[in-house]
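Enquirer: quick one: sequence plus predicted model below, questions after.
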Amino acid sequence: MSKKRIATVSLAGCFGCHTSFLDIDERLIDLLQLVEFDRSPLNDLKRFTRRCDIGLIEGGCCNEENVHTLQAFRRNCDILVAMGQCAIMGGLPVMRNAIMHSADPLRECLETAYQHSERVYNPSNQIPNDPALPLVLDKVYCLTDVVQIDYQIPGCPPSAETLWQFLSALVTGQPLALEYQQVKYD
Amino acid sequence: MNQTFEFTLDGRVIRAERGQSIMQAADGAGVYIPRLCDVEGLEPEGSCRVCTVKVNGRFAAACTQPAEAGAVVESETAEINHHRRMLVQMLFHEGNHLCPICEASGNCELQAMAYRLGIHQPTRFPYLQPVRPMDASHPDIMLDYNRCIRCGRCIRASADVDGKHIFDFVGRGINKQIGIDADYLAETAASLDDLTFSPGLCPVGCILRKGQGFATPIGQRRFDQEPIGSDIERKREEPA
Ligand code: SF4
Ligand code: SF4
Ligand code: SF4
Ligand code: FES
């Protein structure tokens, strides 16, 4: 059986899902019998080298670059997997969308972070606007708002065991049977 | 005099007493029918429709539908569980359910129902992300309306048991919300001694007691190890 090719990325996430993935520990060696990694922060490859079977995505979209990256994953991967609550429903970053009770949540968020808070020292009083910074979106979008997603692995983060079982079932074409205790939204 | 009779639920013979709902009779027989708005000790309301079953081929809410002799009731079928999944998914999409930061996580009936129904795949529904307030005015109790599923349990508990009528529904359609009889909870007669504010009365993390969040370690919370409904299902295994 030829090895499956996996790409992974962290968009608007905290890297907790990738860290959980690393927590599968020595089973990574077993996994490497079945898969090889393409673009991923795990090997620091920043671009796709070729088409992949599986794209694992952590985090939702909070800026323009996230959207472009996600679209590149959709173009380059046969199966896209939303890994963790941020990817599935926006997770913690999504709190800026509605819970702030502002007509203009993004502006209020940036002003609080860079201008109005008592704990901010910012003599220029500028909100960072260097062209190198990706454009922040009006709100945080979950992955299904932007592209078609094939699978979701819930959890914040999903446990290493859950990620391991999910991936080994997916790459070997076995049905996925998670224990009750493994599916968690927190 | 008790009159008992029988009906079948998913092919199993259930003994019921006159006046019992399908759900009460099923509970007594150790067969769990999923539910969200119904809770022991309050009048059933029949509003969430998660307990929908088919009675002689017609849909009915098991919590309000009286059991009838000879009825053929279906509950755990692919069709009905599909409807239940859709209902529960819609509740997640309609409110703001950020389980990782919710104090009710692990003890929450909505989340537990989602686990039980195996909800972990993408849906076609958008997340509506409504803008809803929080009310932290009361010294002991906090309300986070982002998580309210409008089950009406607080309304029934406060009116029928506590006799205070603190809660009621306001608005219509998608704007229907839970409301209180003052601007802020601190201005109501709300007290920790009320059934309304007792743990578990609100199935989700909308009504919270202050100063005790995240008290139970992960792994020991109400639904960490066993699916919701296991307590009822265990009755079936116990020798009669
Ligand atoms: S789901 Fe949780 S662990 Fe994963 S990126 Fe989001 S916050 Fe981090
Ligand atoms: S109320 Fe339940 S479903 Fe909603 S966020 Fe809290 S734990 Fe999750
Ligand atoms: S506050 Fe809780 S008990 Fe009251 S309607 Fe909302 S979810 Fe139900
Ligand atoms: S439990 Fe019967 S309708 Fe809600």
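Expert: Received the coordinates, thanks. Ligands and ions are numbered 1, 2, ... in the order given.

Enquirer: where's the residue positioned nearest the centre of chain B relative to residue B:108, distance?
Expert: In chain B, the centroid-proximal residue (C-alpha atoms, centre = their mean) is residue B:36; its distance is 2.0 Å. To residue B:108, residue B:36 is 11 Å away according to C-beta to C-beta, to the nearest Å. The C-beta positions use only the backbone N, C-alpha and C, and glycine is treated the same way.

Enquirer: lowest-pLDDT helix or strand in the chain?
Expert: Just so you know, I chose chain A. The helix or strand of chain A with the poorest confidence is helix A:95-98; it has a mean of 83 (mean pLDDT, DSSP states H and E).

Enquirer: wait, I meant chain B there
Expert: Counting by mean pLDDT, DSSP H and E, chain B has helix B:230-237 as its least confident element, at a mean of 90.

Enquirer: just the C-alphas of that helix, formatted as PDB.
Expert: Provided in PDB are the C-alpha atoms of helix B:230-237 (Å, rounded to 0.1, in the frame of the first residue of the first chain):
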ATOM      1  CA  SER B 230     -27.600   5.500  31.500                       C
ATOM      2  CA  ASP B 231     -29.200   5.800  35.000                       C
ATOM      3  CA  ILE B 232     -32.600   5.000  33.400                       C
ATOM      4  CA  GLU B 233     -31.200   2.200  31.300                       C
ATOM      5  CA  ARG B 234     -29.500   0.600  34.300                       C
ATOM      6  CA  LYS B 235     -33.000  -0.100  35.700                       C
ATOM      7  CA  ARG B 236     -33.500  -2.600  32.900                       C
ATOM      8  CA  GLU B 237     -30.500  -4.700  33.900                       C
END
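
Enquirer: wouldn't residue A:156 be in contact with residue A:84 here?
Expert: Yes: Residue A:156 is within contact range of residue A:84, at 5.9 Å (criterion: C-beta atoms under 8 Å).

Enquirer: what helix or strand is whichever residue of chain A sits closest to ligand 2 located in?
Expert: Closest residue of chain A to ligand 2, C-beta to the nearest ligand atom: residue A:185 (6.0 Å). For residue A:185, there is no enclosing helix or strand under DSSP states H and E.

Enquirer: so it versus residue B:205, what's the distance?
Expert: Distance, residue A:185 to residue B:205, by C-beta to C-beta: 12 Å.

Enquirer: list the residues that contact both of the two?
Expert: Listed contacts common to residue A:185 and residue B:205 are residue B:105; contacts here mean C-beta atoms under 8 Å, 6 or more residues apart in numbering or on different chains.

Enquirer: related to what we said a few turns ago, show me what the least confident helix or strand of chain B is packed against.
Expert: Contact here means 3 or more C-beta pairs under 8 Å, 6 or more residues apart in numbering or on different chains; DSSP states H and E; on that basis helix B:230-237 packs against helix B:22-28.

Enquirer: gap between the helix it packs on and the chain center?
Expert: 16 Å (C-alpha atoms, centre = their mean, to the nearest Å).

Enquirer: cool, and stretch B:61-80?
Expert: Centre-to-centre, stretch B:61-80 and its host chain are 18 Å apart (C-alpha atoms, centre = their mean).

Enquirer: what are the contacting residues of it?
Expert: Contacts for stretch B:61-80 (C-beta under 8 Å, 6+ apart): B:5-10, B:14, B:16, B:19-26, B:31, B:33, B:35, B:37-38, B:44-46, B:49, B:51-57.

Enquirer: go on, stretch B:181-193?
Expert: Everything outside stretch B:181-193 that qualifies as a contact, by C-beta under 8 Å, 6+ apart, is B:135, B:137-141, B:143, B:164-168, B:180, B:196-197, B:209.

Enquirer: low-confidence bits of chain B, can you list those?
Expert: B:1-2, B:238-240 (pLDDT under 70).

Enquirer: who in it is up against ligand 2?
Expert: B:97-99, B:102, B:104-105, B:108, B:110-111, B:147, B:204-205 (C-beta under 6 Å from any ligand atom).
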